[in-house]
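J.: any chance you can model this:
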Amino acid sequence: MKNKWYLLLILVVTFLPLNIYAYDIQCESGPFSFEDYFYCHVTGVANTNYEELSGTITNTDFVSCVYNSYSDGLRENSTSDNKSFNLAGTPKSENLVTYRCQVVAKVSTPVQDQVTINNFRYHITNDSPADTAYVLRSNQIELAEYTETTTTKATDDKPRDTSNGNSLLSRLESEELDITFSRFITEYNVEVLYEVESININATPANSDATVTITGNENLQVGKNVIDITVVSPDNASTTVYSIYVNRLPRGETVYYPESDASLFSLSVPGYSIPFESGIFEYTIHLEDDVDSIEVNAEPTYENAIVSISNTNNLTNGSIVTITVTSEDNTNSQRYRINITKDPEKRDYTSLIIIIAFVAAIIIFIVIFIITAQRKNNDPILKVKKEKRKVHKGAKFNPKSVPEASETPIKKEDSKVNSNESKPIDMPAPKSNSSQPQAVQMPSPKQNADSPLPTPMPTPTTSKNEDENIDFLELDD
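T.: Got it, this is the predicted structure:
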């Protein structure tokens, strides 16, 4: 009986859904040099309906990442900054979210770096909401040793060691300069107009007791100039020099600064009307049921800005096409959205009904089988028959046990019995019903020895089936 229940349990477990989800962040491994770009992807389960998929990337001292795009089939639950994502929908690809990253620090020796996604949450439809926030860590990103190619260095013996935090800067600002500061980057190159003769610099040390000295920021010459910011730790054990190589342009020349604008100049979808304005970031178009993809044309305001368009295929009602614009200097990004509407599609539940019916039939069959087996085990008549079968087993009629009949013919004269020598014995009739047999005449023991024996009964012949019938009759008795 236990085996039957085990079988039922195995079948039930077989048809239960088992969901195992795995999420990770995979980056191009490199090696990458200073100012190189690469991509990182948040990977997960495709073709699964998410009610929530969110997280925030954390930059390192060497790598800075900006939210770039997401998989077709997903849509934004809410707008977020260029580090975070908050999505919903059914992704078509395992690459759920894509980040565009850049090496922002010069490294003196090869470095293995790693980026992380903090506060990562996911909630799949029909599952319990995710109460726990996870941390996803990327694979190792190899950063190559930086080789200085410029010839604008004033000296080669300036201390550049950034391993001691007591001799580092935490902040470096100037109204005349356009630089992206990192405490681990000690050299910068900039250009200024001819009209700039001096540069005001605000340098804040990481240790408030450290000493900061600035030289070379006054009386700039046309051409190459070097501004040094020297930081000495409070115990004088460590010194770090930050150098800014300033190129003062001749009169009349202009300085080119990478644009930080991340807006679109135009946005269109062939065959559909979009009332585009640069300050409006969300639009809606309606598609016919048989249209599942569109073409999107997006032109940035500044040509060196990067435009990324996602989710233009496999469109359904509620899909969102996203156009992400990243500024030339990689400091800003802006997303435009096109909401897709369609007439609600009719769902076909035929496959689901067939599966449910098949599973129900299997369960009903197992239940009937178990109930039938229990009834047979509890039936008293079957128990009695089984006990009789055990008792009569091997007691069937064996025709070979009967002796063969004599072939000598018996004469009528020999069969006569002397009436003087033997008399029949009258047996008293029982007092029961008259339907019972009458007195039986038994042969006299004094019968003549020469008298022939009574003719034996012919040998019965029975087939195997008749043996079985005899046994069956015995059981019924």
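
J.: what kind of secondary structure is residue 288 in?
T.: coil (DSSP: H, G, I helix; E, B strand; the rest coil).

J.: can you check the pLDDT for it?
T.: Per-residue pLDDT puts residue 288 at 88.

J.: who does residue 231 form a beta bridge with?
T.: residue 212, residue 240 (DSSP bridges).

J.: my read: it touches residue 208, true?
T.: No: using Cβ atoms under 8 Å, residue 231 is not in contact with residue 208; the gap is 11.8 Å. Glycine gets a C-beta too; all of them are placed from N, C-alpha and C.

J.: and the two? which has more neighbours close in?
T.: Comparing residue 231 with residue 208 by other Cβ atoms under 10 Å, the one with more neighbours is residue 231, at 25 against 8.

J.: pLDDT score for residue 386?
T.: So, for residue 386, pLDDT stands at 66.

J.: ok, the one 4 residues further on next?
T.: Reported pLDDT at residue 390 in the predicted model: 61.

J.: so residue 308 is in which element?
T.: Assigned by DSSP states H and E, residue 308 belongs to strand 306-310.

J.: so how far is that strand off the chain centroid?
T.: Put simply, strand 306-310 sits 28 Å off its chain's centre (Cα atoms, centre = their mean, to the nearest Å).

J.: just stretch 192-204 next, same as before
T.: 55 Å.

J.: can you point out the buried residues in that stretch?
T.: 192, 199, 201, 203 (16 or more other Cβ atoms under 10 Å).

J.: same check, this time on stretch 254-261
T.: 259, 261.

J.: go on, stretch 229-245?
T.: Buried residues in stretch 229-245 (16+ other Cβ under 10 Å): 229-233, 238-245.

J.: okay, now the unreliable bits of the stretch 201-350 of the chain?
T.: 257, 344-348 (pLDDT under 70).

J.: what of the stretch 351-477 of the chain?
T.: Scanning the stretch 351-477 of the chain for pLDDT under 70 picks out 379, 381-477.

J.: hmm, try it at 50
T.: For the stretch 351-477 of the chain, the stretches flagged by pLDDT under 50 are 412, 414-422, 432-437, 439-440, 445-449, 462-477.

J.: A helix includes residue 242, no?
T.: No: counting by three-state DSSP, residue 242 is not found in a helix; it is strand.

J.: that one and residue 226 touch, don't they?
T.: No: counting by Cβ under 8 Å, residue 242 does not reach residue 226; the two are 11.0 Å apart.

J.: partner strands of the helix or strand hosting residue 298, with direction?
T.: If you go by DSSP H and E, residue 298 is part of strand 297-300. As defined by DSSP bridges, the strand partners of strand 297-300 come to strand 264-268 (antiparallel).

J.: what's the neighbour count on the closest residue to residue 49 other than its chain neighbours?
T.: Spatial nearest neighbour of residue 49, chain neighbours left out: residue 125 (4.3 Å); criterion: Cβ to Cβ, 6 or more residues apart in numbering. Around residue 125 there are 10 other residues, counting by other Cβ under 10 Å.

J.: please tell me I have it right and residue 125 contacts residue 52.
T.: No: using Cβ under 8 Å as the test, residue 125 is too far from residue 52 to be in contact (10.0 Å).

J.: now residue 96: how far from residue 48?
T.: 10 Å (Cβ to Cβ, to the nearest Å).

J.: which of these two has more neighbours?
T.: residue 96 (25 against 18).

J.: do you know how far that one is from residue 181?
T.: With distances taken as Cβ to Cβ, residue 96 is found 33 Å from residue 181.

J.: on that earlier part again, buried stuff in the strand holding residue 298?
T.: Of all the residues in strand 297-300, those buried under the rule 16+ other Cβ under 10 Å are 298, 300.

J.: for stretch 295-310, same thing?
T.: 296, 298, 300, 305, 306, 307, 308, 309, 310.

J.: from residue 106, how far off is residue 319?
T.: 43 Å.

J.: who's more crowded, these two?
T.: When residue 319 and residue 106 are compared for neighbours, residue 319 comes out ahead with 24 against 21, by other Cβ under 10 Å.
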